[in-house]
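Novice: could you look at this predicted model? Sequence included:
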Amino acid sequence: MADLFSKIIGTILLRPYVFVFLLIYLLASFSQMGWKKSLAFLVAGYLIAFFSELSSIHSGFPYGLYHYIPETVDKELWIAGVPFMDSLSYVFLAYCSFSMALFILSPIYKLGCEIFILDSHLVRNSWRTLFLGAFLMMFLDIIIDPVALRGSRWFLGQIYYYPEPGKYFGVPLANFIGWFIVGGVMIFVLQKISLWKLETDGFDRKFFRMPWGSFLGVGLYLGVMLFNILVSYFVEDMTLALVNTFYALLFLLLCWNFAWYKLKKVIREDLDYHLKDCPLGRLAYLLENDA
């Protein structure tokens, strides 16, 4: 038991940025779905990610064949040859990709100084959201994986390698296909969990009314992207850093212009759909108190 506790502490100390992102996931997800659904996806998402990695390190499906380097197996938590923190990170990556898809596909509404994403059950459970979310998770990995592969040059450490280096900065293209597939499975599960009908409590209501709560998931997506771009500069791989920067700037430009366009096109029906499906949300709370 003492050894397990030591490895749990070691996991946190060795990878503090993972747990910062995980904390943001919990805050964002609590404000969108409530704590019960958030914890349900934390468990379900971890299991999907873990078994996908376990399969890939033995059979090469779905990410292509790769191997973890067990240098830290006595310092942090590993499960069946897979670092615990690695599969855990898939949870917040899937969630923030889902949140970014909702931002892109949903109307947005301005009230005072605050902007709200008018998501609804229809948008959350749509195939468009599923495929866009899976693509956005793959897109994020296009930035993340080459940086992680250079872990020996920064504080991540060299935790894995590909027996046959791929063509994209050492990453095989099969890896990105795998991320699209697994991302799709995780987001499909997240869609279903988000539609569960559960009783809320006072703890949930506090988070539902969090200022800018609907944008926390979007901020997490952009934060993960920015973190990995900064690391790509830190490891002094300028080609990778410039390519990642180009991807990010193009993505941000498209999102900014799309958001500006949607602000001008919002209609009353969009607002009604959101209020009907999110009656306890912050926007509904503010409108009720202004009435």
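Specialist: Everything's here; your move. Residues are numbered from 1 along each chain as shown.

Novice: next one: Tyr247 from Lys110, what distance?
Specialist: 28 Å (CB to CB, to the nearest Å). The C-beta positions use only the backbone N, C-alpha and C, and glycine is treated the same way.

Novice: between these two, which one's more packed in?
Specialist: Between Tyr247 and Lys110, Tyr247 has the larger neighbour count (other CB atoms under 10 Å), namely 16 against 10.

Novice: okay, and Val147 sits in which element?
Specialist: In the assignment (DSSP states H and E), Val147 maps to helix 127-149.

Novice: how about that helix as CSV, C-alpha atoms only?
Specialist: Output of helix 127-149 as CSV, limited to C-alpha atoms (Å, rounded to 0.1, in the frame of the first residue of the first chain):
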residue,chain,number,x,y,z
TRP,A,127,-23.2,13.0,-35.8
ARG,A,128,-21.6,16.3,-36.9
THR,A,129,-20.4,16.9,-33.4
LEU,A,130,-19.1,13.4,-33.2
PHE,A,131,-17.0,13.5,-36.4
LEU,A,132,-15.8,17.1,-35.8
GLY,A,133,-14.8,16.3,-32.2
ALA,A,134,-12.9,13.2,-33.4
PHE,A,135,-11.2,15.2,-36.1
LEU,A,136,-10.3,18.0,-33.5
MET,A,137,-8.8,15.4,-31.2
MET,A,138,-6.7,14.0,-34.0
PHE,A,139,-5.7,17.6,-35.0
LEU,A,140,-4.6,18.2,-31.4
ASP,A,141,-2.5,15.1,-31.5
ILE,A,142,-0.8,16.2,-34.7
ILE,A,143,0.7,19.0,-32.5
ILE,A,144,1.1,16.9,-29.4
ASP,A,145,2.7,13.6,-30.5
PRO,A,146,5.8,14.9,-32.3
VAL,A,147,6.5,17.0,-29.2
ALA,A,148,6.0,14.0,-26.8
LEU,A,149,8.3,11.9,-29.0
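
Novice: gap between the residue nearest to Trp212 when sequence neighbours are not counted and Phe51?
Specialist: In this structure, Trp212 finds its nearest non-sequential neighbour in Glu114, 6.4 Å apart by CB to CB, 6 or more residues apart in numbering. Distance, Glu114 to Phe51, by CB to CB: 40 Å.

Novice: do the same with Phe5
Specialist: Phe5 is 25 Å from Phe51, by CB to CB.

Novice: neighbour count for those two, which is higher?
Specialist: Neighbour totals were compared for Phe5 and Phe51, and Phe51 leads with 14 against 9 (other CB under 10 Å).

Novice: element containing that one, please.
Specialist: helix 35-59.

Novice: what's next to that helix, contact-wise?
Specialist: Identification of contacts with helix 35-59 by CB atoms under 8 Å, 6 or more residues apart in numbering yields 25-26, 29-30, 33, 61-68, 79-82, 86-88, 90-91, 94-95, 178, 182, 185-186, 189-190, 193-194, 196, 198, 203-204, 207.

Novice: what's the PyMOL line that selects buried ones from those residues?
Specialist: Buried subset of those, written as a PyMOL selection, criterion 16 or more other CB atoms under 10 Å:
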select buried, resi 25+26+29+30+33+62+63+64+66+68+82+86+87+88+90+91+94+95+178+182+185+186+189+190+193+194+204+207
